[in-house]
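Chemist: Predicted model follows, preceded by the sequence.
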Amino acid sequence: MNNQLRVVDDEEIKGEIYLSGVTVTIHPISVQIFNVNKTNRQSIHLKEFCLTDDRNVSCLFQIDATRSNTDNICAQITFNRRPIVNQYEISLYFINDHHKLEHIQTLHTDTAKDKKTLVFSKFADKFGPGCYHNRNIINECCVLCTKISRKDIPYIFAKKPALCLPSQITDCSLLFENNALANFVIVVEDREFRVHKEILASKSSVFLAMFDSEMKEKKENKMTIEDIEADVFHEFLRYIYTNIVNELNTHAEKLFVVADKYDLSKLRLICIDELTRSLKIENAIHTLMFADRYNTNTLKERTIEFIKWHIKSIVETEDYKRLYQTKQAYLLNEIILSVI
């Protein structure tokens with residue numbers, strides 16, 4: 001009966017449901033089971049669920065009635081590992097008999113005991129002895145709801161897989177779509193991209209220096225780039241003109257390289273965040289080597305933290321076994337130091 005929601009028809013959270021990094025889950029509990037377990041001082045373990053933006057992080061929600069004093073009944077949520085993409089905020093609600101959310105308590109992961117478990121002590125105020133009544137029941141069930149939100153998100157996701165920075169949206173999307181008034185040509189692979197020097201220079205210090213110099217590209221109003229794929233460069237231009245990136249999960253690594261080359265710091269941060277969220281046991285060593293190669297400490301630290309929590313599985317991967325044969329074998333020392 002435990003159903004994870006991506007869309008919830010309630011005004012209190014409806015406006016936030018499309019934010020990247022929000023996981024809303026309902027937890028219906030039979031009144032009979034609730035009362036029996038509370039009387040017998042037994043815990044109620046509900047179905048484990050994963051965060052919608054990071055499938056590597058799973059959570060277990062439970063009602064703890066094992067304490068000697070039943071007045072101390074509480075709800076708690078335990079992460080299978082400490083979240084590594086900065087901080088999370090966890091809010092606990094219940095749905096009353098008018099089908100409205102009522103807030104119980106909000107906690108943050110930086111206060112979790114053992115960095116994994118958060119205890120909702122105020123749960124007893126609604127469901128402890130003397131507080132539990134019919135307005136807390138729907139169809140013979142206590143319906144609890146958890147909302148887990150990332151607190152460091154520099155952008156939001158639209159309904160389609162596009163990324164948008166609303167504070168920096170410009171009016172250049174029409175110029176990107178139809179190339180009106182373009183005054184420069186960039187050739188990548190077999191494609192020509194007609195662009196506007198002023199727009200590129202306003203976003204990239206590298207392009208600004210190029211267009212402000214006496215290089216032949218400036219005189220010819222044309223240049224060729226040989227170390228970038230055309231599809232990736234097209235998404236790079238889309239970001240410059242509109243602050244939107246499509247298919248970020250596909251191009252994050254290559255877009256980071258382009259953003260690094262042309263000094264787009266905010267696009268670099270976006271790619272770092274996506275690469276962190278995409279961490280898996282199978283790609284962790286590759287991502288660590290990539291982060292080290294391009295000297296991005298944020299991604300490197302997050303990846304080492306991920307490896308630390310999955311070290312037993314990662315040491316069995318082929319990438320880990322091959323690492324000591326590469327020029328970046330020194331990374332093994334950093335991994336070992338993080339574990340001990």
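Modeler: Perfect, I can see it now.
Chemist: Any idea how many residues pack against the spatially closest residue to Ile304 that is not a sequence neighbour?
Modeler: Once flanking residues are discounted, Ile304 sits nearest to Ser338: 5.0 Å by CB to CB, 6 or more residues apart in numbering. Just so you know, the C-beta spots here come from the backbone N, C-alpha and C atoms, and that holds for glycine as well. By other CB atoms under 10 Å, 14 other residues sit near Ser338.
Chemist: Domain-wise, how is this structure divided?
Modeler: 4-150, 158-278, 279-340 (automatic domain parsing).
Chemist: Mean pLDDT for those - can I get that in TSV?
Modeler: TSV is the format used below for the domains of the chain (pLDDT from 0 to 100):
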stretch	mean pLDDT
domain 4-150	67
domain 158-278	84
domain 279-340	92
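Chemist: Could you look up the SS state of the residue nearest to Ile304?
Modeler: Following DSSP: H, G, I helix; E, B strand; the rest coil, the label given to Ser338 is helix.
Chemist: Quick check: it vs Asp319, distance?
Modeler: Remark: distance between Ser338 and Asp319 (CB to CB, to the nearest Å) = 17 Å.
Chemist: hang on, isn't Lys116 packed against Thr78?
Modeler: Yes. Using CB atoms under 8 Å, Lys116 is in contact with Thr78, at 5.7 Å.
Chemist: which residues does Gln76 contact?
Modeler: Gln76 makes contacts with 61-62, 64, 117-120, as judged by CB atoms under 8 Å, 6 or more residues apart in numbering.
Chemist: ok, now with 10 Å
Modeler: Gln76 is in contact with 43, 60-64, 92, 107, 112-113, 117-121, 123, counting by CB atoms under 10 Å, 6 or more residues apart in numbering.
Chemist: Please identify the helix or strand for it.
Modeler: strand 74-79 (DSSP states H and E).
Chemist: In its sheet, which strands sit next to that strand, and in what direction?
Modeler: Using DSSP bridges, strand 74-79 pairs in its sheet with strand 54-64 (antiparallel), strand 117-120 (antiparallel).
Chemist: Show me what whatever helix or strand comes next after the last one is packed against.
Modeler: Later in the chain than strand 117-120, the nearest helix or strand by DSSP H and E is helix 123-127. Other helices and strands packing on helix 123-127, by 3 or more CB pairs under 10 Å, 6 or more residues apart in numbering; DSSP states H and E, are strand 54-64, strand 74-79, strand 88-95, strand 101-108, strand 141-150.
Chemist: give me that answer again for 7 Å
Modeler: Counting contacts by 3 or more CB pairs under 7 Å, 6 or more residues apart in numbering; DSSP states H and E, helix 123-127 packs against strand 74-79.
Chemist: and the strand it packs on with strand 88-95, angle?
Modeler: Compare the direction of strand 74-79 with that of strand 88-95 by axes from the mean of the first three to the mean of the last three CA atoms, to 10 degrees and you get 140 degrees.
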